[in-house]
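**Student:** sharing a sequence plus its predicted fold:
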Amino acid sequence: MVNKADAVVIGGGVIGNSIAYYLAKYGVDTLLIERKDLAAGTSGACDGFIFLQSKKPGFDLRLALESTRLYENLADELSYDIEYRKCGGMILIETEEQLKAIIELVDGQRKTGLDVKLMRIPQELEPILSGHIIGATHSPLDAQVNPFKVVLGFAQGAKRKGAQILTHMEVQAIRTRTVRGELKVDSVITERGEIKTNTVINAAGVHAPVIAKMVGLDLPIIPRRGQVLVTEPLPDLVTSLLVDAEYITLKLAPDHRGTDGLGLGFTLEQTASGNLLIGSTREFVGYDRRTTYHGIKAITQNVLRIAPALKEVNIIRSFAGLRPYTPDGLPILGKLRGVEGFIVAAGHEGDGIALAPITGKLIAELVVKGKPSISLDEFGLERFK
Amino acid sequence: MDAEVAVVGAGPAGLSASIEAARLGAKIVLIDENGKPGGQLFKQIHKFFGSMEHLAGLRGYDIGNKLWQRAMELKINVMLNTTVFGIFGDKTLGLLTTMGSEILRAQRIILATGGSENTIAFPGWTLPGVMGAGAAQTLINVHRVLPGKRILMVGSGNVGLIVSYQLLQAGAEVVALVEAAPKIGGYRVHAAKIQRAGVPIMVSHTVKRAHGRDYVEAATIVRVDDDLKMIPGTEKTFDVDTICLAVGLTPLSELAWMSGCKFIFVPTLGGHVPIHNEDLETTVEGIYVAGDIAGIEEASIAMEEGRLAGIAAAESLGYAREEATKLKKEIKERVQQLRRGPFGEDRYLAKQRIMKVAPR
């Protein structure tokens, strides 16, 4: 087994693999370590939304816009079909009250540069929508991908550029040494031996706090469960990504838990294979990845409110993934003070897929150039202190 | 709704489990997604082998009727046309009935969901006319519809042999039976029957492709070497309208996965099997498996396993503690008998491997 690398990425999800890819592209001798298998965690238990409209105007949205730009050419760059489709997306409006709040949001997003407009009759574009929906925002920039394929595409691309990926290997400890009074990353200890390195990138998602603890740091990331339903494959039924206004409230006010603790917000997309993915809940239940009867029932009732015509459609599966939640809904990106060479890229909650390319690119720039092309200051751990 | 024991699947294993547990006093809810109980028994028109205890000499549907009658006598609560779409924490089952969805809370769960047919992929395998041999058997013996007139059967295990014979009985022509292994997989007596009827059994052969535009019109077979690699130049093409695949079964185990049961991979028993102990209890306390979900075997064993799981579940609820020990011992001895012989031996050893890693 390898016993040294310029950079060790911990975590084989979409964030870790994106970072490994961009690092390898810069010629960095990169090793990615994954405890289970690629996309075995959150990245393999989510939908494929690249949804710009749910991002907070400002840094969050700016990052997402940059990420979208990278996604546009990603399939070609990786020579891998990631099922990218610029399908557009809608926030569905059901009440006058929601309409007011959404108009405000749209204004802010336009100022940050997002192409988004208000539609009065969304049924014209998506006939499946219930007649009670009084409007929707629409952005043609919203897109979808197949998350598994994004992970595998990045992984293959990284390997082609010389990165090594080791799966089914658990990190047991991270050793540090003191140089002129400063703590520095020295090596990563795994069950199969020690790997010397100066740079460790913690991309372990919901498990990132466990990795950070190995160098004595605390990360305010906690798992938040999202349940999703999968229908049988259907003919083309829905073009856009659909979310309801409650979903946006949940996104923009991270502490909002919904009326029943389920944190229910409506999401729907039709995948390349024709299945509908219908979500989702946002629940704080520790690391429990099981679906629940109440969760599934609530999601089905929600979708029937939005699209009653789906009543006869069969649900063939349900799954749940753990989203890495942070108190302000934004990821933690960048170097951590106190341990030189220790970088965090985690806590994307529901935005991991959308933000993966830009996260990978910026973290790689941080490692190689010491300074990313977009400042990550807003995403530092320090903001929580 | 509540139940002491929820039994999922009303095939030979599930019916047997329900009968034993009910007989000992437990309150049962038996659930099946089909409109009729009996699982695969009602399409089995052949006589069963084995001893009298295993109802040998009876045909599958007779056994099904017997079990069903017994279940009715015991007034077991049976929910047909009901799908268990999930098992959630705390042994809560999500049921989809013709009326809508509801919850069933159970103290014990016996999963007797059976197995599903395997397929093999080859060019043309998605054409209408390519089907599981079990599906063909259901068509002829339950629905009385002939799936096709000229059949190529793939696989010479007992399913392939028996279904070939029954297709002949139903009036189809079985053009050939191909088997990739160098020898016939199933019982000699079943093979002899179809050979006498003139069906060529071609060992070391497999299907290479199906031809046809909208449905199967022909099939090409090819000889394979010892490593199962196709030997070019040995192809033969037959005019057939149906290709039946009898290439094994896989335990139907989604509910066990969903319940958090730990699994072990045992190719002899069809793949991933929920780990279970001698009493068929899985690694999740109070959840039992019986029949093909516990490893692909045969109906006689499914019935014995069902009984065992039913008794064990009832016993754990406090019913008939003294009697249970004796009954379980008798069943275990009978199961051991059934696993004798060259076919049973491998399955016996495979089961031993599972028990070894199971919780006590």
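**Tutor:** Yep, that arrived.
**Student:** helices along the stretch 51-200 of chain A, start to end?
**Tutor:** Per DSSP state H, counting those that start in this stretch, the stretch 51-200 of chain A carries helices over the ranges A:59-78, A:96-112, A:147-160.
**Student:** weakest of the ones you listed by average pLDDT?
**Tutor:** Ranked on mean pLDDT, the bottom entry among those is helix A:96-112, at a mean of 88.
**Student:** how near is A:Pro223 to chain B?
**Tutor:** With distances taken as CB to the nearest CB, to the nearest Å, A:Pro223 is found 16 Å from chain B. To be clear about C-beta, it is placed using only N, CA and C from the backbone, and glycine gets the same treatment.
**Student:** err, A:Val215, not the other one
**Tutor:** With CB to the nearest CB as the criterion, A:Val215 and chain B are 33 Å apart.
**Student:** same check on A:Leu322?
**Tutor:** Applying CB to the nearest CB, the value for A:Leu322 to chain B is 16 Å.
**Student:** repeat that for A:Ile103.
**Tutor:** In terms of CB to the nearest CB, A:Ile103 sits 38 Å off from chain B.
**Student:** which strand residues bridge the closest residue to A:Asp142 other than its chain neighbours?
**Tutor:** Among residues not flanking A:Asp142 along the chain, A:Gly89 sits closest, at 2.9 Å (CB to CB, 6 or more residues apart in numbering or on different chains). Applying DSSP bridges to A:Gly89 gives these bridge partners: A:Ser139, A:Leu241.
**Student:** which stretches of the stretch 1-150 of chain A have low pLDDT?
**Tutor:** For the stretch 1-150 of chain A, no stretch is flagged by pLDDT under 70.
**Student:** what of chain B?
**Tutor:** B:49-55.
**Student:** make it 50
**Tutor:** Nowhere does chain B drop to pLDDT under 50.
**Student:** show me how far the longest strand that it contains is from its chain's centre.
**Tutor:** Assignment by DSSP state E gives strand B:100-111 as the longest strand of chain B. Strand B:100-111 has its C-alpha centroid displaced from the chain centroid by 22 Å (CA atoms, centre = their mean, to the nearest Å).
**Student:** let's have the helices of the stretch 51-200 of chain A in JSON lines, adding distance to B:Gln195 and mean neighbour count.
**Tutor:** Formatted as JSON lines, the helices of the stretch 51-200 of chain A follow (distance: least, CB to CB, whole Å; neighbours: other CB atoms under 10 Å in any protein chain shown):
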{"stretch": "helix A:59-78", "distance to B:Gln195": "55", "mean neighbour count": "18"}
{"stretch": "helix A:96-112", "distance to B:Gln195": "73", "mean neighbour count": "15"}
{"stretch": "helix A:147-160", "distance to B:Gln195": "48", "mean neighbour count": "22"}
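**Student:** and the gap between the residue of chain A most remote from its centre and A:Val106?
**Tutor:** The centre of chain A is farthest from one residue, A:Arg180, which by CA atoms, centre = their mean lies 38.1 Å away. Separation of A:Arg180 from A:Val106 (CB to CB, to the nearest Å) stands at 52 Å.
**Student:** now B:Ile120
**Tutor:** 54 Å.
**Student:** B:Thr283 now?
**Tutor:** Taken as CB to CB, the span from B:Thr283 to A:Val106 is 52 Å.
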